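Novice: below are the sequence and a predicted model for it; my questions follow.
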Amino acid sequence: MLWKKMLRDLNEHKGAYIACMVIIIIGLMVFTAFSMMLENLQLSQQTFYKNQNFADGFASVEALPFTEVKKLEELEGIARIQGRFVTDVRVLFPGREDNVYLRLIFLNADEQNRINDMLLLEGKPLQEGDMNILIDNKFYEANNLGLNDKLEIIAAGKRRELYVSGVGTSPEFIYALRTAADFYPSPESFGVAFIPLQTLQTLLPDKNTFNDLVFTLEPGVQYDDVEKLLEYELKPYGLRSLIPRDDQTSHLLLSEELTGLESMSTAVPVLFLSIAAVILYIVVQRMIEQQRGQIGILKALGYTNKETVFHYMSHTMIIGLAGGIVGTLLGIALSYPITNLYQMFFNMPLLKGEFSTAYYFIFGILLSLAFSLSAGYLGCKKVLNLEPAEAMRPPTPPGGKKVWLERIPVFWNTLTVQGMMSVRNISRNKGRSLFIFGGITFCFAISCFTWSMNDIIQKMIFDQYEKVETYDLKISLAAPLAEQRVLGELRTFPGVRQLEAMAEVPVTLQNKWLKKDVQLLGIAENSGLYHILDKNGREVAPPKDGLLLSERLAMLLDAKPGTMLNVESILHGSGSWEDKKLPVAGIIPQYLGLNAYMDLHALQEFLEEDGLTTSVMLSMDEGTIPRLQEEYRQSNLISNMDEKGERIRKLNEMMESFGSMIYLYSLIGIILGFSIIYISSIITTSERSRELASMMVLGMTPPEVLSVVTFEQWFISILGMAAGVPLASLFMSGISMAMSSDVFTIPPVISTYSYLMAAAVTVLSIWIAQKFAGRKIRSLSLVEVLKSAE
Amino acid sequence: MPGLKLTSMIVCPRTMKGRDETVKPIITAKNLCKYYKMGEVTVEALKDVNLELYESELVVVLGPSGSGKSTLLNIIGGMDKATGGELYYGDTPLHRADSNQLTFYRRNDVGFVFQFYNLMPNLTAYENINLSVQIAKNPLSIDELLEKVELSDRRDHFPSQLSGGEQQRIALARALAKNPRLLLCDEPTGALDFNTSIQILTLLKDFCRTYEKTVVIITHNTAIAGIANRVVYLKDGRLDRIEENQNPLPPERVTW
């Protein structure tokens, strides 16, 4: 019988229960889908690393003779070390204008059990002695290649042909970026290929050394234990960089993504389930107030406390169970498509992690039940203390009370009587007011911060290309050349309006024990193509007697203007490794990249390399860019041509996919805001139906009556939104700290536009919820409500 | 049958114009019916009720529980709609009014007093009255009303700090404050003790006289009938009879 009563009770409050179930479903869906995906990705990563012998450390050098590698393997702590020659070459696809690059990794094809070996997916393994390559699957797919296809490349200034003999995937390029300045793998224009070492001589006749090393460590040995040793050994060979696995770009980005997923897969469900629990608590509590008399009768009939409490908890149990089942099932279903989505960015073979499905199904349901049952218990435990006789008497009427706001006459006197009721209602049920307040605060903060992210990334990227780097084309040289020679040659090219030399010098900056490897940019005095901007957007001249540091770099080095930094560079003309010192001349914001800046000529002087130039920035008539690219496509003096238009196009594509995430978060915000306001509205209407009906009888229109409820909600919501401002900032600085890297820095600021958008989203969700609640008021039956004593 | 040719029998109490057809009733009900569908069964709460209410008369509607008193009052007050028949407020056909028009009818022309007061628990006495003053076109003075119901000293008290009688007086003041032409009271003394009830009835009578308003009181307490100008008897949803009181008693002389 009670079972039947419960089903009817559920039906009576179906709006609230459905809203609650939706929230549980969303929470569990995120939990199951993300947890399963996370587990799958983590396991896949570990297995992939293990099977392919992913390196523990990476080194890059100028030139290391082939024979020297064996010696390095004898170093204490090093398990294995392998030499490679790594270079980027341009690929010529007939009929394509854009720059396509292939990173060729020359390695000993006969060596067994290679470090960072490609996992062969198709075709045959690498063999010494021919021009065959093993190519990465993403590039292969994106460019519609087939096995035995011919790829035309430019190597040492000559057109060459390579043959695709196999397709594979490498643990080193799970997230394949060509340069640290890219954010996004772009498989159609960048790929990786393994090629036998013997072909190095054929393709690049002047290269006969390794320039890249990968190594694994002996068990129990830490990277730090071998760093000094390797640094010492490799210095004579022109050590460029030496990094542990943790700093390897692909690994770093994948790890960060996994960490992000991990926190998301716990934070979002906990948040949603908590909200659902609060709603269930409120609904059950209200139901118990309403059914006081019925509870009295149940008890009088001889139902035990346990049975009565169980009856009321069964309501939440049903909701928890139903939400749990639907949520986990949807989550399981969703985990496959989103895992595939991740595979678009993170290229590794996925394990079929179906073995955990049952675990997550059961765990998800238990989780949902735990939340909903505790909410139910807390909501109905009052039943326990109710004596039957007392239960059948109506509860003591709610006492009216003055609130402190009434002591502010300026405020109080502007209110209508409905307004006064509303304000007093806020303190009438403090818990519920707090619930609305918290919910709206959160709804506002989440929308605000997501819009802001979008906004800031836009700003970050487009400012960089519209205000800072205003050139149309940047040509990077394969090796430093003399300024006059390069400028002289390019100046006469048709369509060139302006050109400037630039030096991008890898340096190690050190302050006390803090060290950072960065690119030091030498910019021409009065540059018209590269504008260094300060915090207020004013142009700053590159200093002649010191360095400009980006804010993040200054923070990492704990440097202030005036701090003396040790500057160490492999491009130093004297060839000496002695540290030279430069003072910090100023600190500027920089969102993309992590750089130090100096006047070009001052830098050349400092390095004792007169006229040193590593790249050229050009401003050109748009139509002439392809001609220039065509002209120099085969030059071996040029390593890269970066056309701004192409980069902006790619960034825009990326922003689009980012945009959908923003909408998703905003949708979460709207759902939260809506359900909180909707639930509180229908509870309020049912609780105060008598008061609301009395007002209708007095002749107030439904909108006027609704205004008592809505005024209260708006009042709390405005306070909630105000509290959302600092919360959003807090989110933002958290995200900024967590996400800022050497690639980009997210400034922890929130734009006015984002505040407005967040307010709009919040207001919209409140407004929709109130529209729904308004229908409830219109359907109040005056006669029924007023007929009897409560 | 009683109720069929009522108009001809009614003597308008204040003007005593007898059968004078020129005095127009403010409420005219013709063959008013109200049915409720309860599953398979149709409950007839009101059947063919014909009734007219005139300016500044005090009418008591008597009848046992379930006789349709409240239903009649709710329909007259625009809180409920009749299933059949016609209802006019002056010349305005209320049976054709939509809910919006009914709201404005209640707002401008009707005052309600209930058995269980229905005050707003979180508004003070003064503010409860102000709630209706705020929406009225031509309200009475709140202070004057508070004085009349002898609660000026309780103006800042919340309902929970007032006794039942005091709450009902505030509810009455709230209904009167709008200055309605029609005051409808559903068992206004039903929850009160004898002395307090007399107090309320005195106020109602007084209001009817001083402000020349029409007051309808629903009750099952026959003793109250003595103060009315006319007494309407309902039985099983039908109008049983109407009695005219040539000399209504002052409320203080009523006993039960």
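Specialist: It's in.

Novice: which elements pack onto the lengthiest helix in chain B?
Specialist: Criterion DSSP state H: the longest helix present in chain B is helix B:194-210. Judged by 3 or more C-beta pairs under 8 Å, 6 or more residues apart in numbering or on different chains; DSSP states H and E, the packing partners of helix B:194-210 are strand B:58-62, helix B:164-177, strand B:182-186, strand B:214-219. The C-beta positions use only the backbone N, C-alpha and C, and glycine is treated the same way.

Novice: sheet partners, orientation included, of the first one?
Specialist: When you say that, I think you mean strand B:58-62. In the sheet, strand B:58-62 lines up against strand B:214-219 (parallel), strand B:230-235 (parallel) (DSSP bridges).

Novice: and the third one, by the same measure?
Specialist: Partner strands for strand B:182-186, per DSSP bridges, with pairing direction: strand B:110-113 (parallel), strand B:214-219 (parallel).

Novice: ok, the residue of the stretch 151-300 of chain A found nearest chain B - how many residues close by?
Specialist: Ranked by C-beta to the nearest C-beta, the top residue of the stretch 151-300 of chain A for proximity to chain B is A:Glu289, at 14.3 Å. A:Glu289: 14 surrounding residues under other C-beta atoms under 10 Å in any protein chain shown.

Novice: check which helix or strand it maps to.
Specialist: helix A:249-290 (DSSP states H and E).

Novice: show me how far that helix is from its chain's centre.
Specialist: Centre-to-centre, helix A:249-290 and its host chain are 18 Å apart (C-alpha atoms, centre = their mean, to the nearest Å).

Novice: how far does stretch A:79-99 sit from the chain's center?
Specialist: That offset, for stretch A:79-99, works out to 29 Å (C-alpha atoms, centre = their mean).

Novice: flag the shaky bits of the chain, pLDDT-wise.
Specialist: No chain in the question, so chain A it is. Applying pLDDT under 70 to chain A flags residues A:1, A:180-183, A:352-355, A:388-400, A:570-579, A:654-655, A:657-662, A:739, A:741-744, A:784-790.

Novice: wait, chain B was what I had in mind.
Specialist: For chain B (pLDDT under 70), the answer is B:1-22.

Novice: next one: phi and psi at the residue of it most remote from its centre?
Specialist: The outermost residue of chain B, judged against the average C-alpha position, is B:Glu40 (32.8 Å), by C-alpha atoms, centre = their mean. In terms of degrees, to the nearest 10, the main-chain angles of B:Glu40 are phi -80, psi -30.

Novice: ok, it - contacts?
Specialist: The contact partners of B:Glu40, taken as C-beta atoms under 8 Å, 6 or more residues apart in numbering or on different chains, number zero.

Novice: roughly how far apart are it and chain A?
Specialist: Distance, B:Glu40 to chain A, using C-beta to the nearest C-beta, to the nearest Å: 20 Å.

Novice: is it true that the residue of the stretch 151-300 of chain A closest to chain B touches A:Arg688?
Specialist: No - checked against C-beta atoms under 8 Å, the pair A:Glu289 and A:Arg688 is beyond contact range at 11.8 Å.

Novice: can you tell me the helix or strand for residue 129?
Specialist: As the question left the chain open, I've gone with chain A. With DSSP H and E as criterion, A:Gly129 is part of no helix or strand.

Novice: try chain B instead
Specialist: helix B:125-133.

Novice: residues of whichever helix or strand comes after that helix that come out buried?
Specialist: Counting by DSSP H and E, the next helix or strand C-terminal to helix B:125-133 is helix B:142-148. Buried residues in helix B:142-148, counted by 16 or more other C-beta atoms under 10 Å in any protein chain shown: B:Ile142, B:Leu145, B:Leu146, B:Lys148.

Novice: who's in contact with the third one?
Specialist: Just to be clear, that refers to B:Leu146. Applying C-beta under 8 Å, 6+ apart, the residues near B:Leu146 are B:Ala125, B:Tyr126, B:Ile129, B:Ser152, B:Arg155, B:Ala173.

Novice: list the contacts for the first one?
Specialist: Think B:Ala125. Per C-beta under 8 Å, 6+ apart, neighbours of B:Ala125: B:Leu146, B:Leu151, B:Arg154, B:Arg155, B:Asp156, B:His157, B:Phe158, B:Pro159, B:Leu162, B:Glu166, B:Ile170.

Novice: on the three-state scheme, the fifth one is what?
Specialist: This points to B:Asp156. Under the three-state scheme (DSSP: H, G, I helix; E, B strand; the rest coil), B:Asp156 adopts coil.

Novice: can you classify the residue in the stretch 1-150 of chain B that chain A sits nearest to as helix, strand or coil?
Specialist: Going by C-beta to the nearest C-beta, chain A is nearest to B:Arg107 of the stretch 1-150 of chain B, at 2.5 Å. Secondary structure, three-state DSSP: B:Arg107 is helix.

Novice: once you drop chain neighbours, what's closest to it?
Specialist: Ranked by C-beta to C-beta, 6 or more residues apart in numbering or on different chains and with sequence neighbours excluded, the top spatial neighbour of B:Arg107 is A:Gly699, at 2.5 Å.

Novice: now do the phi/psi pair for the one you found.
Specialist: The phi and psi values for A:Gly699, taken as degrees, to the nearest 10, are phi 110, psi 20.

Novice: tally up the residues packed near it, please.
Specialist: Neighbour count for A:Gly699, taken as other C-beta under 10 Å: 24.

Novice: assess the claim that it and B:Asn108 are in contact.
Specialist: Yes - counting by C-beta under 8 Å, B:Asn108 is a contact partner of A:Gly699 at 6.7 Å.

Novice: now do the shared contacts for those two.
Specialist: By C-beta under 8 Å, 6+ apart, the residues touching both A:Gly699 and B:Asn108 are B:Lys178.

Novice: returning to what we had before: same for the helix or strand just after the helix holding A:Glu289, what does it pack against?
Specialist: Counting by DSSP H and E, the next helix or strand C-terminal to helix A:249-290 is helix A:292-301. In terms of contacts (3+ C-beta pairs under 8 Å, 6+ apart), helix A:292-301 is packed against helix A:305-345, helix A:388-392.

Novice: helix A:292-301 to helix A:249-290, inter-axis angle?
Specialist: Calculated by axes from the mean of the first three to the mean of the last three C-alpha atoms, to 10 degrees, helix A:292-301 forms an angle of 70 degrees with helix A:249-290.

Novice: helix A:292-301 vs helix A:305-345, what angle?
Specialist: 130 degrees.

Novice: would you mark the buried spots in stretch A:190-209?
Specialist: By 16+ other C-beta under 10 Å, the buried positions in stretch A:190-209 come out as A:190-200, A:203-204, A:207, A:209.

Novice: pull out the buried positions in the host helix or strand of A:Ala33.
Specialist: Per DSSP H and E: A:Ala33 is located in helix A:14-51. Residues of helix A:14-51 classed as buried: A:15-17, A:19-42, A:44-45, A:48-49 (neighbour count, 16+ other C-beta under 10 Å).
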